[in-house]
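Colleague: build me a structure from this.
(one chain, ligands or ions: 1)
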Amino acid sequence: MPSSHWWRTAAIYEIYVRSFADGNGDGEGDLIGLRERLPYLRELGVDAIWLTPFYRSPMVDGGYDVADYRDVDPLFGTLADFDAMLAAAHALDIRVIVDIVPNHTSSQHAWFAEALAAGPGSLARDRYIFRPSSSPGEPPNDWESIFGGRAWTRTPDGEWYLHLFDPGQPDLNWDNADVRAEFESVLRFWLDRGVDGFRVDVAHGMVKAAGLPSVGHPQQIGLLGREPLPYFDQDGVHEIYRAWRKILDSYPGDRMAVAEAWASTPLRLARYVAPDELHQAFNFDFLAAPWSAAELRSTIDACVEAADSVGAPTTWVLSNHDKARHVTRFGSPEIARAAALLMLALPGAAYLYQGEELGLPEVLDLPDDARQDPVWHRSGGTDPGRDGCRVPLPWTAGEPAYGFSTTGRSWLPQPDWSSFAASAQQDVPSSFHSLYREALRLRRTFTGPLTWQESPADVLDFMRGGVRCVVNLSGAAVPLPLGSVVLASGDLPDGTLPPDTAVWLH
Ligand code: NOJ
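Modeller: Alright, predicted model coming up:
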């Protein structure tokens, strides 16, 4: 029975390890701190956690620049700390998904050092994408870095290497047999340690179009998601996932993988979650949809239809460590609360980002000298980057660094978050935390596909099993449908559902 797979309906909580909880007082979140806070996650009611990279890394891109895929960076602890955290999570019935970063390594990875030293034409260079100039002094093609600027950096011997992200993140050559074998071995390394799955970074990027053709125009990434690009979503990438699926399936315990993939249409995205490939793909169309009933409904329908076409579950996500927090994106805590009830009523898996259960806003006023995201630096300070959604969590009101670290240190400064701290919200019925906790508890009883009900324009109304979810996106209150209220994102005065409010009814 497919429905017995835990990941089909799971609520998975993303942990940006550096900003979750600091166990040793250095102001950086770590694995010991995370382990100590696992009971909080059990109580919140999540089924699994996804950890952003904690591997050895110079931290040019928050750890998405991996120098050693088989070790923990001292910033985050040791392999023994990882094992202890994993055992503690499993003891609480929380599954653990780790990030795998296969599109690029760090420029401090041993392979890259070898490639630079070995010179043009060497076997070591073939593991990456080195090319000569297209004409004197000119890069091999016009590809742009997703972080701004060109995607090529020139080495002292005149060859260029490709980096779709920061120059500290050279792209691997997935036509090279060493690269394929290495990542299969890395998967096994973490599966053997007992992880329940992987989040695959830039899952659509590993294979590049033959001949590395130029795109032909600038601002390529601005068009991402609609225009086919020679460095994204190439057909050849699927062969990699068919090989990975065989490895995952060879382990007991229902292991899984979720793709961070961008494709031009929901149907192209569905190819990543064919039965012999990965298990899930993030649904960024939902994250990107504006607060509009028509847009949300058509996005939900398109995503459900695409996932159904290959028998995969849909996934839903409102925030992550790359996007402005949705309280700020929507410009209103009320909308964020209603959006959470919408998301958590939908069929499939839901991904939560640490702190959204506290209603944290994006931090917009970080001092420039505190910012660390390469997006900020490579854009010459014109794009604030992603540090604003990575500010360490407030745990305890009244404590230094709100209890994030034992010493009050915090690698990014926190604003006045007294009222947002977990301690200020737990057991307060009207809080974000209580809403999420109750929604996650009730959500476990929801089964089956959704059926839209007839509703006024600007109102979303659907049934799932015995529950009815109604969301009012219009500017005026609407009558509350008949039924007993199970949970609501805000007050329901006089039998009405106010604007920007969601309700679950029986
Ligand atoms: C996606 C990750 O989520 C992001 O944080 C990172 O910068 C890029 N991939 C590059 O690895």
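Colleague: quick one: A117 from Q169, how far?
Modeller: 19 Å (Cβ to Cβ, to the nearest Å). In short, each C-beta sits where N, CA and C put it, glycine included.
Colleague: who has more neighbours, these two?
Modeller: Per other Cβ atoms under 10 Å, whichever of A117 and Q169 has more neighbours is Q169, with 26 against 10.
Colleague: for that one, which non-adjacent residue is closest in space?
Modeller: H104 (4.2 Å; Cβ to Cβ, 6 or more residues apart in numbering).
Colleague: bridging residues for that neighbour?
Modeller: H104 forms beta bridges with D171, as assigned by DSSP bridges.
Colleague: please name the residues that touch it.
Modeller: 65, 163-165, 169-172, 202 (Cβ atoms under 8 Å, 6 or more residues apart in numbering).
Colleague: likewise S423?
Modeller: 395-397, 403.
Colleague: which of the residues you listed lies closest to the ligand?
Modeller: Proximity of the contacts of S423 to the ligand (Cβ to the nearest ligand atom) peaks at W395, which lies at 23.7 Å.
Colleague: OK, contacts around the nearest residue to that closest one once chain neighbours are set aside?
Modeller: What sits nearest to W395 in space, not counting adjacent residues and going by Cβ to Cβ, 6+ apart, is G403, at 3.6 Å. Residues counted as contacts of G403 (Cβ under 8 Å, 6+ apart) are 394-396, 421, 423.
Colleague: who wins on neighbours among those residues?
Modeller: Of all these, P394 has the most neighbours under the rule other Cβ under 10 Å, reaching 27 neighbours.
Colleague: element containing it, please.
Modeller: Here P394, judged by DSSP states H and E, is contained in no helix and no strand.
Colleague: and what of S134?
Modeller: S134 belongs to no helix or strand, assigned by DSSP H and E.
Colleague: hmm, R150 and it touching each other?
Modeller: No. Look at S134 against R150 with Cβ atoms under 8 Å: they stay out of range, at 11.9 Å.
Colleague: run a quick neighbour tally on the residue in the stretch 401-506 of the chain that the ligand sits nearest to.
Modeller: Nearest residue of the stretch 401-506 of the chain to the ligand (Cβ to the nearest ligand atom) works out as L412 at 15.1 Å. Look at L412: counted by other Cβ under 10 Å, it has 18 neighbours.
Colleague: for S309, same thing?
Modeller: Counted with other Cβ under 10 Å, S309 comes out at 14.
Colleague: I'd say it and R268 touch.
Modeller: No. The pair S309 and R268 does not pass the contact test of Cβ under 8 Å, sitting 11.5 Å apart.
Colleague: need the contact list for the nearest residue in space to E144 that is not next to it in sequence.
Modeller: Closest residue to E144 apart from its sequence neighbours, by Cβ to Cβ, 6+ apart: Q220 at 5.0 Å. Listed by Cβ under 8 Å, 6+ apart, the contact partners of Q220 are 143-144, 227, 229.
Colleague: per-residue pLDDT, Q220?
Modeller: Looking at Q220, its pLDDT reads 86.
Colleague: and it, how close does it get to P230?
Modeller: Q220 is 10 Å from P230, by Cβ to Cβ.
Colleague: A324 too?
Modeller: For A324, the distance to P230 equals 29 Å [Cβ to Cβ].
Colleague: returning to what we had before: and the residue of the stretch 401-506 of the chain closest to the ligand, what does it touch?
Modeller: Shown in contact with L412 (Cβ under 8 Å, 6+ apart): 19, 363, 366, 370, 372, 387, 390-392.
Colleague: let's see that with 7 Å instead.
Modeller: L412 makes contact with 366, 370, 387, 390-392, according to Cβ atoms under 7 Å, 6 or more residues apart in numbering.
Colleague: now swap in T153 and tell me
Modeller: T153 touches 160-161, 163, 167, counting by Cβ under 7 Å, 6+ apart.
Colleague: all strands for the stretch 51-200 of the chain, in order.
Modeller: Using DSSP state E, counting those that start in this stretch, the strands found in the stretch 51-200 of the chain span residues 55-56, 68-72, 95-100, 130-131, 152-154, 160-162, 197-200.
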